[in-house]
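Undergrad: the following comprises the amino acid sequence and a computationally predicted model.
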Amino acid sequence: EDNSLQVHVLKPGWKEFVQRRALGRFQCSQCFHEWSSAKVHILFHMRRRRRRGQGTVWMRVFRQTCRRCPEPRLEEPEFSQETMERLLHNLVLKILKYFYHLPIQPSDLLEVVVDAPVVGPHDSARCEGCQLGVC
């Protein structure tokens, strides 16, 4: 993980993938308030070293703050097992496309399904992704 990654700011040879609209569950580390968001974005930067046949993937999960606390901290989301599997499936497809030149169609990517009720609109003021122009 690297919380300094930025969208469209890549080193030479690196590729980018942004997974949008994943369902994440949050809990405030100060007041323990819990909430869910269906608009959690995950940024991946990846590269492959041709000589060694290995690669590197860095990721940034955009965080949110609690609406109940006067001085809230940015909180990391938790993801269900199914959501994690879908995120990793999509990441592998992007790696296959970018570095192995396999034809991947947008329809091959799995939608990250909302498996829990999410009430209310997205709180842009408390979303790190919105503040950085990712949402």
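TA: Good, I have the coordinates. Numbering: from 1, shown residues only.

Undergrad: on the three-state scheme, Asp84 is what?
TA: Careful, residue 84 is Met and not Asp. Classification of Met84 using DSSP: H, G, I helix; E, B strand; the rest coil returns helix.

Undergrad: so what's the one residue sitting closest to the centre of the chain closest to, chain neighbours aside?
TA: By CA atoms, centre = their mean, the chain has its centre lying nearest to Ile42, at 1.2 Å. Closest residue to Ile42 apart from its sequence neighbours, by CB to CB, 6 or more residues apart in numbering: Gln19 at 4.5 Å. In this view, the C-beta of every residue, glycine as well, is placed from N, C-alpha and C.

Undergrad: what sits against the closest residue to Thr65 other than its chain neighbours?
TA: Spatial nearest neighbour of Thr65, chain neighbours left out: Pro72 (3.8 Å); criterion: CB to CB, 6+ apart. Residues near Pro72 by CB atoms under 8 Å, 6 or more residues apart in numbering: 28, 30, 65-66, 126.

Undergrad: what do you get for Ala38?
TA: Contacts for Ala38 (CB under 8 Å, 6+ apart) come out as 21-23, 114, 118, 122.

Undergrad: understood, closing this out.
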